[in-house]
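Participant: coordinates only, sequence not included:
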């Protein structure tokens with residue numbers, strides 16, 4: 001599928017994602033590098049409260065998080081809805097002393113890695129996921 005199946009939508013007042021064409025190409029490149037094909041992907045940028053509501057309603061988790069990924073992948077086709085809290089990304093960037101755009105890119109690719117089958121549950125899987133994030137962030141120049 002073409003990268004046009006990757007969509008970005010903001011539910012966060014005043015937020016607009018920059019470099020969408022570059023980011024679409026980058027996400028497509030990551031999926032291809034993992035020997036998969038890009039299906040429909042919807043990234044929704046939202047607030048902490050918006051994402052908390054989703055977390056409670058659909059996952060029965062009553063806490064803030066930076067991303068929730070709903071996986072609709074089938075076979076080699078990667079597809080899903082990814083909800084990203086801009087509030088969490090801003091806070092994480094400050095805590096980690098990273099530029100906002102770098103942290104946002106890390107969260108974007110973190111969600112894609114979940115759709116590709118990677119997990120961050122447990123020390124070893126988490127280390128592998130971080131290694132993959134770093135590898136793919138380097139492709140973006142972040």
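Facilitator: Great, that's in hand. Quantities reported herein were computed from a predicted structural model and do not represent experimental measurements.

Participant: buried stuff in stretch 8-23?
Facilitator: Residues 8, 12, 17, 23 are the ones in stretch 8-23 that count as buried (16 or more other Cβ atoms under 10 Å). Every residue, glycine included, has its C-beta placed from N, CA and C.

Participant: and the end-to-end length of that stretch?
Facilitator: 10 Å (Cα to Cα, to the nearest Å).

Participant: Greatest separation within the buried residues of stretch 8-23: which pair is it?
Facilitator: 12 and 23 (16.3 Å; Cβ to Cβ).

Participant: okay, the buried residues of stretch 8-23 in TSV with pLDDT, secondary structure and distance to residue 89 next?
Facilitator: Compiled in TSV, those are given as follows (pLDDT from 0 to 100; DSSP: H, G, I helix; E, B strand; the rest coil; distance: Cβ to Cβ, whole Å):
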residue	pLDDT	secondary structure	distance to residue 89
8	97	strand	14
12	96	coil	10
17	96	coil	11
23	96	helix	14
